[in-house]
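Enquirer: requesting a structural model of the entry that follows:
(one chain, ligands or ions: 1)
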Amino acid sequence: MRLDGKTALVTGAGSGIGKCIAETYAREGANVALADVDLAAAQPAARAIGNKAIAVRCDVTQKADIAAAVAETLAAFGKLDILVNNAGTTHVNKSMLEIDEAEYDRMFAVNVKGVFLGCQAVVPQFRKHGSGIIINIGSTAGLRPRPGLSAYNATKGAVHILTKSLAVELAPDRIRVCAIAPVATETPLLPSFLGPAQGQREKFIATVPLGRLARPQDIANAALFLASADAEFVTGNIVEVDGGRTI
Ligand SMILES: NC(=O)c1ccc[n+]([C@@H]2O[C@H](COP(=O)([O-])OP(=O)(O)OC[C@H]3O[C@@H](n4cnc5c(N)ncnc54)[C@H](O)[C@@H]3O)[C@@H](O)[C@H]2O)c1
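Expert: Coordinates of the predicted model:
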């Protein structure tokens, strides 16, 4: 198994991509803490994995919540090797003039500040341990932005540059920092990305060279590689899992 003896903390693990990453890591031998602002979603997901998993309530926009999630993970499993900053949100696809200030602030609080706080919370632990891996979930939206998602797209661009910044800053500590940029993925967030107009799904699929949307397992497979020893010389990458969409 590729993650035997490792411990991972995955944010936003009550649903979609984060849940699939947690399940995949556990299948590969890791202990996993499933952190989510929606504890009622994280709990059954952790129970389904079994005694290699715990559920933790954590709002990634709150520094104290993230510190508590890291502490709970350490209390349960004794160490922490991998952080997946996956928790994220979007606004519905619409004109930039219709995005109000509160919505804009919320995008940046969850998608950017949440990632930054997550990194700050684990780095002292990783330094003590002498190594660590951070995987941030970015998006093709931050590489090839399309209309209607302006604020969301900007947050993902920020996640990508934060990833590269931290990769160079933390490399001397043997901490690797990578991001994954998924294309539109079959999760509960998808309808917001596509927007209310008829036929958006089919139109979008037509722009993906491999001819389908992503599935959570596609993203989890990349997250498994990045967390594994196979990726020991890989840092600062934005790994596109997009069926060729950004070419
Ligand atoms: N679905 C897509 O098309 C797609 C494409 C590219 C990138 N992404 C990114 O993938 C990540 C996961 O999205 P998903 O599609 O699985 O969505 P999802 O809605 O299925 O899951 C997101 C999870 O994050 C949790 N969450 C939201 N705000 C939180 C907060 N403040 N603190 C802690 N948890 C919080 C939610 O409760 C939910 O369980 C996000 O960062 C998203 O931007 C998604």
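
Enquirer: just the CA atoms of stretch 104-122, as CSV, please.
Expert: Extracted as CSV, the C-alpha positions of stretch 104-122 are listed here (Å, rounded to 0.1, in the frame of the first residue of the first chain):
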residue,chain,number,x,y,z
TYR,A,104,-16.7,38.0,-3.0
ASP,A,105,-15.3,38.1,0.6
ARG,A,106,-16.6,34.6,1.3
MET,A,107,-14.9,33.2,-1.8
PHE,A,108,-11.5,34.5,-0.7
ALA,A,109,-12.1,33.6,2.9
VAL,A,110,-12.8,29.9,2.2
ASN,A,111,-10.7,29.3,-0.9
VAL,A,112,-7.6,31.4,-0.2
LYS,A,113,-7.4,32.3,3.5
GLY,A,114,-8.5,28.8,4.4
VAL,A,115,-5.6,27.3,2.4
PHE,A,116,-3.1,29.8,3.9
LEU,A,117,-4.3,29.1,7.5
GLY,A,118,-4.2,25.4,6.8
CYS,A,119,-0.5,25.6,5.7
GLN,A,120,0.4,27.8,8.7
ALA,A,121,-1.2,25.2,11.1
VAL,A,122,0.8,22.3,9.8
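
Enquirer: for the protein, just list every one of the helices.
Expert: Using DSSP state H, the helices of the chain run over 16-27, 39-49, 63-77, 101-108, 114-129, 150-170, 190-194, 200-205, 216-227.

Enquirer: what residues does this structure have near the ligand?
Expert: Neighbours of the ligand within the chain, by CB under 6 Å from any ligand atom: 11-12, 14-18, 36-38, 41, 58-61, 86-89, 110, 114, 137, 139, 182, 184-185, 187-190, 193. (Glycine included, C-beta is placed from N, CA and C.)

Enquirer: filter these down to the buried ones and hand me the PyMOL line.
Expert: Of those, the buried ones go into a single PyMOL selection, burial set by 16 or more other CB atoms under 10 Å:
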select buried, resi 11+12+14+15+16+17+18+36+37+41+58+59+60+61+86+87+88+89+110+114+137+139+182+184+185+187+189+190+193
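
Enquirer: most tightly surrounded among the helices of the chain?
Expert: When the helices of the chain are scored by mean count of other CB atoms under 10 Å, the highest mean neighbour count falls to helix 16-27 (a mean of 26).

Enquirer: can you give me the angle that helix makes with helix 216-227?
Expert: 50 degrees (axes from the mean of the first three to the mean of the last three CA atoms, to 10 degrees).

Enquirer: dump the residue contacts of the spatially closest residue to Thr185 that is not a sequence neighbour.
Expert: Distance criterion CB to CB, 6 or more residues apart in numbering; nearest residue to Thr185, sequence neighbours excluded, is Ala214 at 4.1 Å. Contact analysis of Ala214 by CB atoms under 8 Å, 6 or more residues apart in numbering lists 182-186, 241-243.

Enquirer: in a markdown table: those, plus pLDDT.
Expert: Output for the contacts of Ala214, formatted as a markdown table (pLDDT from 0 to 100):
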| residue | pLDDT |
| --- | --- |
| Pro182 | 98 |
| Val183 | 98 |
| Ala184 | 98 |
| Thr185 | 98 |
| Glu186 | 97 |
| Val241 | 98 |
| Asp242 | 98 |
| Gly243 | 98 |
